[in-house]
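Novice: One predicted model, sequence on top.
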Amino acid sequence: MFAVLPYKQYLALAGQGAESEFHIPHEVVGLCVEKGMSLLAAWRTHKGLSQSELAERMGITQPGVAQMERPGAKLQKRTLEKAAMALGLAVEQLEE
């Protein structure tokens, strides 16, 4: 398989750009590509959490997490911050 992405993003993923301090594990990328999961859903799965557990950590409901995990969902910065904190990630690792 091949992927086309902006060169700056490639450098960041390859650990050579200004954004190189954050990475996304191969397993998370695989869940996004192979199963069509959103980045948030892939990270949650990778961390071994259920939607209910993530919801509890974020102080929201499970249906709220399900809605956030829909591919293409546009999350507000504050929501990304809460999700990142609940998953022990940097916000940049959740930005699609």
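Specialist: Yep, that arrived. Numbers count the residues shown, from 1 in each chain.

Novice: Quick one: the helices in the chain, in order.
Specialist: 7-13, 26-35, 39-46, 51-58, 62-68, 77-87 (DSSP state H).

Novice: So in this structure, where's the weakest helix or strand by average pLDDT?
Specialist: Within the chain, no helix or strand scores below helix 7-13, which has a mean of 74 by mean pLDDT, DSSP states H and E.

Novice: Find out how far it is from the centre of the chain, if you would.
Specialist: In terms of Cα atoms, centre = their mean, to the nearest Å, the centre of helix 7-13 is set 17 Å apart from its chain centre.

Novice: residue ranges with poor pLDDT in the chain?
Specialist: 15-21 (pLDDT under 70).

Novice: I'd like to know how many residues surround residue 11.
Specialist: A count of nearby residues for residue 11, using other Cβ atoms under 10 Å, gives 14. (C-beta placed from N, C-alpha, C; glycine too.)

Novice: and what of residue 2?
Specialist: 3.

Novice: what do you get for residue 70?
Specialist: Counted with other Cβ under 10 Å, residue 70 comes out at 10.

Novice: tell me the contacts of the nearest residue to residue 40 once chain neighbours are set aside?
Specialist: Spatial nearest neighbour of residue 40, chain neighbours left out: residue 69 (5.2 Å); criterion: Cβ to Cβ, 6 or more residues apart in numbering. If you count contacts by Cβ atoms under 8 Å, 6 or more residues apart in numbering, residue 69 has them with 37-38, 40-41, 44, 51.
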